[in-house]
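Novice: Quick one, structure for this:
(chains A and B)
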Amino acid sequence: MVRCEVFMSLFAIQILNGLQLGLLMFMVAAGLTLVFGVMDFINLAHGVQYMIGAYLAAVMIALTGHYVVGLVLALIGVLLIGLLLEHVVFRPLYQRSHLDQVLATFGLILFLNQGVKMVFGASPLSVPIPSWFEGAVLLGDGILYPLYRFVIIAAGLIMALLLWLGVEKTRIGMQVRAGASHPDMLSALGVDVRRLFMLIFALGSVLAGFAGALAAPILSVEPGMGDQILILAFVVIVIGGIGSIRGAFAGALLVGLIDTLARSYMVDVLRLFTGAAAARGIANGLSSMFIYILMAIVLFLRPQGLFPARGRS
Amino acid sequence: MIPSAGAAQAHPMQGPAIFLGSVLALIPLASVLTGQSHWVPLCTQIMIFALAALSLDLVLGIGGLVSFGHAALIGIGAYTTGILIKEGWGDTLLCLPLSMLVCACFAYVTGLVALKTRGVTFIMITLAFGQMIYFAAQSLYRYGGDDGLTLPKRATVLGQAFLNNKIVFYYLTLICLLLCLFAVMRIVQSRFGRVLLGARDNEIRMTALGYDVFRVRLKAYTISGMMAGLSGFLLANQTEFVSPAFASWQRSGDLIFMVILGGVGSLWGAVAGAFAFMLLEEGLSGLTENWKVIFGPLIIVFVLFSQGGLSRLLVLLHKDRGQGHG
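Specialist: Sure thing, here's the model as predicted:
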């Protein structure tokens, strides 16, 4: 009986961890899916915004000594950098082939990752957890879960709700949805598509930066931290359906949960067959494969994704 | 999607390829004469990546399929060789065919799935397969896992350690590269290659003409995988080390850049692109440890302002010269 309860509460923790990872990914993927869906632009450098958000948060919080002020300043910084990149690098690429876009934004990743390494050094920065969110919540049976992780989950859910309201209920949101399914028609109807692009791009940058800033206290802030989440975000939007916010949300939660659960239970399963050290070594790589297998299956069976944007085939 | 490369039509390329081969054949001599002993291993490594870029160009340039997981094939080839050597089965006569065979099988099976998709979906699904191999390599706990595997020695040839000699290995690599280059050129000139090119430019028309575009692409994809496996075999032997990083998506990005740098679909351009890329990397990293800060913007500028890569540039120069004479 007791074993069973422990198992259940550990399971609950893994579910929460999966949710938290999923919501962080959602914030990165939401911008990516809109940029991809509406502008038909593959932006590999989107993960860099996440990294920049984390770094700026680290620096601004240390400078101002205040979490909220630091966070706001960091978000403004991310926005400005995003707009600058859009203006200088991305705008000439909108009309280019996907291959050109992949390559140019790949170059941008090299530049910004190395630039961050030059400025801040290769070793990870640490960001303190804001004082009001220290401590933990009791999850029955003496198992504690850090409060800050709940804050991340809550922030992610609020963001998802706001985004959903914005996209579904406002006029601009209507234009965004129209852009995702019929961009030419939208432009023919007199909507300033260039302004819309810039808006979507700015929104995406800020969301990714916000995710990075939120994750900064619990992950190591280091150069290249955006690359891994970028590839995950691509998995998410491909599974969910390109251009679809609902799809990004569902995909992110799915990927977050599968990845987390695979990571935590794979070791136990493998331990049945091999030694503990070997099991850990094997599980790490093997569990990361799951989501890519899922992605390949979804792409093969439903190339449009699980929740495609309406009107887009 | 792919800028149509006029240079893709085969015959004008044979000249540059022969020229390239003769220059490369003289590098060891030049390195002995000038005392620059690091030229030989450097050029060996570049030729290995040139071979990989060439195999990618068959898919990307001739086939019009943007594969974003090509490094995985190099990784598979390298790991097949590495594992065989580590387990004491390290003879070239076994390692080489087996590496190519395993890669061909992987390309065939993933091609069956991936080639059903188009455009962006193809980019993403090849990326997914590439990542699977990357993480599979990480989970090879017995063979170094995350840290990679240092090989005890290079592959032998009938029990003899011929490949330990730098010069022998250099010429082996050169021969492999030239053989593949001529093979791909022959493919492009063949009926099969014409169908592949035709499908790149107008898939519907080729289908209407009665060709099974899917089969043709699958064949090309498998041949390309086999060649990438060959480059994996060479890479594992040259570095005497294999690591998951061989199969990382960044490496796939590098390969795409090499192909584009040389000019998509111009075969020897892929070789030239690999040389330009690796020499640039070598030169810049000698200049400063933060060479990527320079390299990244160079990529961006190249993409924004060039059309057709180095080979296109040479063709244009050639044309200008021709007009000058006339």
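Novice: and residue 36, what is it in contact with?
Specialist: All of this is about chain A. Each residue near residue A:36 by CB atoms under 8 Å, 6 or more residues apart in numbering or on different chains is listed here: A:42-43, A:237, A:242-243. Every C-beta, even on glycine, is put in place using the N, C-alpha and C of the backbone.
Novice: was after chain B, sorry
Specialist: With CB under 8 Å, 6+ apart, residue B:36 has these contacts: residue B:30.
Novice: Wasn't it part of a helix?
Specialist: No. Under DSSP: H, G, I helix; E, B strand; the rest coil, residue B:36 sits outside any helix and is assigned coil.
Novice: quick one: it and residue B:30, what's the gap?
Specialist: 8 Å (CB to CB, to the nearest Å).
Novice: any low-confidence regions in chain B?
Specialist: Along chain B, the model assigns pLDDT under 70 to residues B:1-13, B:307-326.
Novice: quick one: low-confidence ranges for the stretch 1-150 of chain A?
Specialist: A:1-3, A:140-142.
Novice: among the contacts of residue A:36, which are in reach of chain B?
Specialist: Contacts with chain B within those, counted by CB under 8 Å from any CB of the partner chain: A:42, A:242.
Novice: Switch the contacts of residue A:36 over to JSON lines; also include secondary structure and neighbour count.
Specialist: Formatted as JSON lines, those follow (DSSP: H, G, I helix; E, B strand; the rest coil; neighbours: other CB atoms under 10 Å in any protein chain shown):
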{"residue": "A:42", "secondary structure": "coil", "neighbour count": "26"}
{"residue": "A:43", "secondary structure": "coil", "neighbour count": "27"}
{"residue": "A:237", "secondary structure": "helix", "neighbour count": "28"}
{"residue": "A:242", "secondary structure": "coil", "neighbour count": "26"}
{"residue": "A:243", "secondary structure": "coil", "neighbour count": "28"}
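Novice: of the contacts of residue A:36, closest to residue B:252?
Specialist: Nearest to residue B:252, judged by CB to CB, of the contacts of residue A:36 is residue A:42 at 14.1 Å.
Novice: from what I can see the closest one touches residue A:97, true?
Specialist: No. Counting by CB atoms under 8 Å, residue A:97 is not a contact partner of residue A:42; they are 9.9 Å apart.
Novice: I'd say residue B:295 and residue B:284 touch.
Specialist: Yes. At 5.8 Å, residue B:295 counts as touching residue B:284 under the criterion of CB under 8 Å.
Novice: what are the phi and psi angles of residue A:97?
Specialist: Here is the backbone geometry of residue A:97 (degrees, to the nearest 10): phi -70, psi 160.
Novice: do you know how far it is from residue B:206?
Specialist: Relative to residue B:206, residue A:97 is positioned 21 Å away (CB to CB).
Novice: ok, the two, which is more surrounded?
Specialist: residue B:206 (20 against 16; other CB atoms under 10 Å in any protein chain shown).
Novice: Quick check: the gap between that one and residue A:8.
Specialist: Counting by CB to CB, the gap from residue B:206 to residue A:8 is 58 Å.
Novice: For the strand or helix carrying residue A:208, the averaged confidence score.
Specialist: Element membership of residue A:208, judged by DSSP states H and E, is helix A:193-215. Mean per-residue pLDDT for helix A:193-215: 91.
Novice: and it, which residues are buried?
Specialist: By neighbour count on 16 or more other CB atoms under 10 Å in any protein chain shown, the buried set for helix A:193-215 is A:193, A:196-215.
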